[in-house]
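S.K.: mind looking at a prediction? Sequence and model below.
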Amino acid sequence: MGMGIHGVRLDGHKNTVNCTPVEMPIPEKVCLPLALLGANTSTILVKKGDEVAVGQPIADQGKGIGVPVYASVSGTVAGIETLRLTNGSMVDAVVIATDGKQTVWEGVKAPSVTDRQSFLEAVRQSGLVGLGGAGFPTWVKLNAEVDRLIINGSECEPFCTADYAALRDFIGDVSEGIELVKKYIGIEKAIIGLKHPPKGAEEAFKAIEGAEVQHLREYYPIGAEKMLIKETTGRVVPGGKLPKDVGCIVINVNTLAYLARFIRTGMPLVMRTVTVDGSAVNTPCLVTAPIGTAVSDIFAAAGGFKEEPTKVLAGGPMMGVALESLDFPLLWQNGSFLALNAKDAKLPEPGACIRCGRCVDACPMNLMAFQITKAYRARDLETLKTIRADLCIECGCCAYVCPAKRDMVTSNKLAKRFMADEAKKEANK
Ligand code: SF4
Ligand code: SF4
């Protein structure tokens, strides 16, 4: 299926773009889930009552693509709980009661990296996952034979600015991360996709051998992997294929900065910066918090709410997921939390489809969004396959432009799950 550049233009609402991140006080407890992608494969290395320090492994890497999990605070293991992730899966989570000292574990030391294999092993040991939202293990992404490294500095969701902050405050680390990946994975050319880069960023990137800066156009979802690859290289990732199948790795700027720091110091990702914004918050700002901090503590550190939030999203307004509770912990891949007041959270009453075709024009994947909804309602698997509902990247452009305010994203997600379940049933026959 061909892919033109569709998408939509959105207001940026980058209220926090000039904010200096606020480092929040260490919370009383953190909760660290052991499996981000829903599969509990790792073994817990600690038990209730154990003392732990910052950077200490609390779960091993487990099987398959798993990565280890590290304590983000020093303190005592208060227990192992079950946590429901936003995708509905239940995973084990280690709860640590903090001691406020942030004592660093004595085992934290820079890894020895000499070649591709030792680099990939170090990245695996770092526990790093994609910080742009997907949370996919970085070492798996890097374990590919490609000729283009594409750096995502677009942060195209409204409100979100944590990646801009990385470009502004840690440009040296981002550049070092690019050089490390180029060197050890053996990629000659890096393309850095930027929108409104902070002062000095472009110059810093241009100093990297084999690096090229490209200014991205103002449309959403330019930061989606497939869109970014098309925009920066002209290559089209076919349906069901991955970036590596067209010779590309796409990696986000914050991920690169953390990667460089880990290789230099051996300290895994234990803190990150998130955007806190939305109509219900007192002060939109950037907060730096230990991984596993409850979302309620993060909002409190940001000055609390001016109105009772009706909806809290992890992620941006287009692709973010609603959290069931403010007790939910900050995860490695969360770049923003938005608290919406009743007015903003209210979903419009959907009307009947008037067949205007706007959703089709807006879809960056060239899909027939309105047909996906219809075919899903009829549980018409054959049609869903024919119209390639599986290619939907859940960007929300279709719903955004729909004059009838139809919520196609929810039905598209359900359609994709239905297709995956049916495929599983077929495979088990
Ligand atoms: S949510 Fe899916 S169908 Fe809708 S515009 Fe995005 S890719 Fe297309
Ligand atoms: S944009 Fe809305 S009303 Fe128009 S065709 Fe698509 S679903 Fe129907």
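M.R.: Arrived safely, thanks for sending. Numbers count the residues shown, from 1 in each chain. Ligands and ions are numbered 1, 2, ... in the order given.
S.K.: is the closest residue to ligand 2 within the stretch 101-250 of the chain in a bridge, and if so with what?
M.R.: When you check the stretch 101-250 of the chain against ligand 2 by CB to the nearest ligand atom, the closest residue turns out to be Tyr220, at 16.4 Å. Heads up, the C-betas are built off the backbone N, CA and C, glycines and all. Note on Tyr220: beta-bridge partners by DSSP bridges are Val8.
S.K.: what's the local residue count around it?
M.R.: 25 (other CB atoms under 10 Å).
S.K.: any idea how far it is from Phe159?
M.R.: 12 Å (CB to CB, to the nearest Å).
S.K.: one more: Lys424?
M.R.: For Lys424 relative to Phe159 (CB to CB), the value is 36 Å.
S.K.: then Lys183?
M.R.: Applying CB to CB to Lys183 and Phe159 gives a distance of 35 Å.
S.K.: who has more neighbours, the two?
M.R.: Neighbours were counted for Lys183 and for Phe159 using other CB under 10 Å; Phe159 has more, 25 against 14.
S.K.: does the more buried one touch His13 like I think?
M.R.: Yes - counting by CB atoms under 8 Å, His13 is a contact partner of Phe159 at 4.9 Å.
S.K.: tell me, what's touching the two both at once?
M.R.: The contact sets of Phe159 and His13 overlap at Asp277 (CB atoms under 8 Å, 6 or more residues apart in numbering).
S.K.: for the longest helix seen in the chain, packing partners?
M.R.: In the chain, assigned by DSSP state H, the helix with the most residues is helix 408-428. If contacts are counted by 3 or more CB pairs under 8 Å, 6 or more residues apart in numbering; DSSP states H and E, helix 408-428 sits against helix 369-377, helix 381-386, helix 397-401.
S.K.: distance of the spatially most central residue of the chain relative to Ala204?
M.R.: Centroid check for the chain by CA atoms, centre = their mean gives Gly133 as the closest residue, at 0.8 Å. Plainly put, Gly133 is 24 Å away from Ala204 if you go by CB to CB.
S.K.: which element is the residue nearest to the centre of the chain on?
M.R.: Following DSSP states H and E, one finds Gly133 outside all helices and strands.
S.K.: so it sits right up against Leu313, yeah?
M.R.: No - using CB under 8 Å, Gly133 is not in contact with Leu313, being 11.7 Å away.
S.K.: contacting residues around the longest helix of the chain?
M.R.: 359, 369-370, 372-373, 375-377, 379, 381, 384-385, 389-390, 392, 394, 396, 398-399, 402.
S.K.: swap the cut-off to 7 Å and go again
M.R.: 359, 369, 372-373, 376, 379, 381, 384, 389-390, 392, 394, 396, 398-399, 402 (CB atoms under 7 Å, 6 or more residues apart in numbering).
S.K.: pull out the buried residues from those.
M.R.: 359, 369, 372-373, 376, 381, 384, 389-390, 392, 396, 398-399, 402 (16 or more other CB atoms under 10 Å).
S.K.: and the helices in the stretch 1-150 of the chain?
M.R.: 116-125, 138-142 (DSSP state H, counting those that start in this stretch).
S.K.: now do the domain split for this structure, please.
M.R.: 116-265, 358-428 (automatic domain parsing).
S.K.: tell me which of the ones you listed sits nearest to ligand 1.
M.R.: Checking those against ligand 1 by CB to the nearest ligand atom gives domain 358-428 as the closest, at 3.2 Å.
S.K.: near ligand 2 at all, that closest one?
M.R.: Yes - Domain 358-428 reaches ligand 2 (CB under 6 Å from any ligand atom) through 358-359, 369-370, 401-404, 406.
S.K.: Throw those into a markdown table and include distance to ligand 1, thanks.
M.R.: Formatted as a markdown table, the residues of domain 358-428 next to ligand 2 follow (distance: CB to the nearest ligand atom, whole Å):
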| residue | distance to ligand 1 |
| --- | --- |
| Arg358 | 10 |
| Cys359 | 6 |
| Ala369 | 4 |
| Phe370 | 9 |
| Val401 | 8 |
| Cys402 | 9 |
| Pro403 | 15 |
| Ala404 | 14 |
| Arg406 | 10 |
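S.K.: how about the residues you listed in TSV, adding pLDDT?
M.R.: TSV is the format used below for these (pLDDT from 0 to 100):
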residue	pLDDT
Arg358	94
Cys359	94
Ala369	91
Phe370	91
Val401	94
Cys402	94
Pro403	95
Ala404	94
Arg406	92
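S.K.: which ones are touching the residue lying closest to Asp163 once chain neighbours are set aside?
M.R.: Once flanking residues are discounted, Asp163 sits nearest to Glu155: 4.2 Å by CB to CB, 6 or more residues apart in numbering. Taking CB under 7 Å, 6+ apart, we find Glu155 in contact with 161, 163-164, 223.
S.K.: and of the residues you listed, the nearest to Val270?
M.R.: Nearest to Val270 among those is Asp163, at 19.1 Å by CB to CB.
S.K.: shouldn't the closest one be in contact with Ile251?
M.R.: No - applying CB atoms under 7 Å, one finds Asp163 not in contact with Ile251, separated by 11.5 Å.
S.K.: which one's more surrounded, the two?
M.R.: Asp163 (28 against 24).
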